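Colleague: Quick one: sequence plus predicted model below, questions after.
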Amino acid sequence: MNISSEAFVAGMSAIGAGLAAIACIGGGIGTGNATSKAVEAVSRQPEASGKIMSTLVVGGALSEATAIYGFLIGLLLVFKVTL
């Protein structure tokens with residue numbers, strides 16, 4: 001069976017884009033877990049809410065940045081941008 005190089009690249013790009021989508025799922029799960037733990041921590045120690053929320057914002061930003069990078073890589077693979 002002969003397969004053209006264009007078809008092979010298209011297939012591998014689709015697989016890579018699907019794998020990159022896992023980063024988006026992981027970012028959502030990570031942000032959800034962090035938020036739930038922050039709410040739990042604030043309910044236990046309300047006087048530390050400022051420090052907890054600032055840490056939550058930094059952690060959430062890092063988690064979402066990972067998801068955005070995965071999304072961008074997926075888009076690049078789907079549209080096959082060549083350098």
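Modeller: Arrived safely, thanks for sending.

Colleague: per-residue pLDDT, A23?
Modeller: A23 carries a pLDDT value of 81.

Colleague: Look up how far K80 lies from C24.
Modeller: 20 Å (Cβ to Cβ, to the nearest Å). For every residue, glycine as well, the C-beta is placed using N, CA and C.

Colleague: neighbour count winner among the two?
Modeller: When C24 and K80 are compared for neighbours, C24 comes out ahead with 17 against 11, by other Cβ atoms under 10 Å.

Colleague: from memory that one sits against I73, does it?
Modeller: No: between C24 and I73 there is no contact under Cβ atoms under 8 Å: 10.3 Å.

Colleague: biggest helix in this protein, by residue count?
Modeller: Using DSSP state H to define each element, the chain has its longest helix at helix 5-44.

Colleague: just checking, what packs against that one?
Modeller: Judged by 3 or more Cβ pairs under 8 Å, 6 or more residues apart in numbering; DSSP states H and E, the packing partners of helix 5-44 are helix 49-78.

Colleague: For Y69, list the residues it contacts.
Modeller: The neighbours of Y69, taking Cβ atoms under 8 Å, 6 or more residues apart in numbering as the test, are A23.

Colleague: I'd like to know how far it sits from P46.
Modeller: 35 Å.

Colleague: just L19 next, same as before
Modeller: Remark: distance between L19 and P46 (Cβ to Cβ) = 42 Å.

Colleague: Between these two, which is the more surrounded one?
Modeller: Under the criterion of other Cβ under 10 Å, the comparison of L19 against P46 puts L19 first, with 13 against 9.

Colleague: per-residue confidence for that one?
Modeller: Residue-level confidence at L19 comes out at 87, pLDDT.

Colleague: residues contacting Q45?
Modeller: With contacts taken as Cβ under 8 Å, 6+ apart, Q45 has the following neighbours: I52.

Colleague: Need the phi and psi values for it.
Modeller: phi -130, psi 80 (degrees, to the nearest 10).

Colleague: just N2 next, same as before
Modeller: Per-residue torsions, N2: phi -100, psi 140 (degrees, to the nearest 10).

Colleague: number of nearby residues for it?
Modeller: The local packing count at N2 equals 4, with neighbours defined by other Cβ under 10 Å.

Colleague: Appreciated, that's everything.
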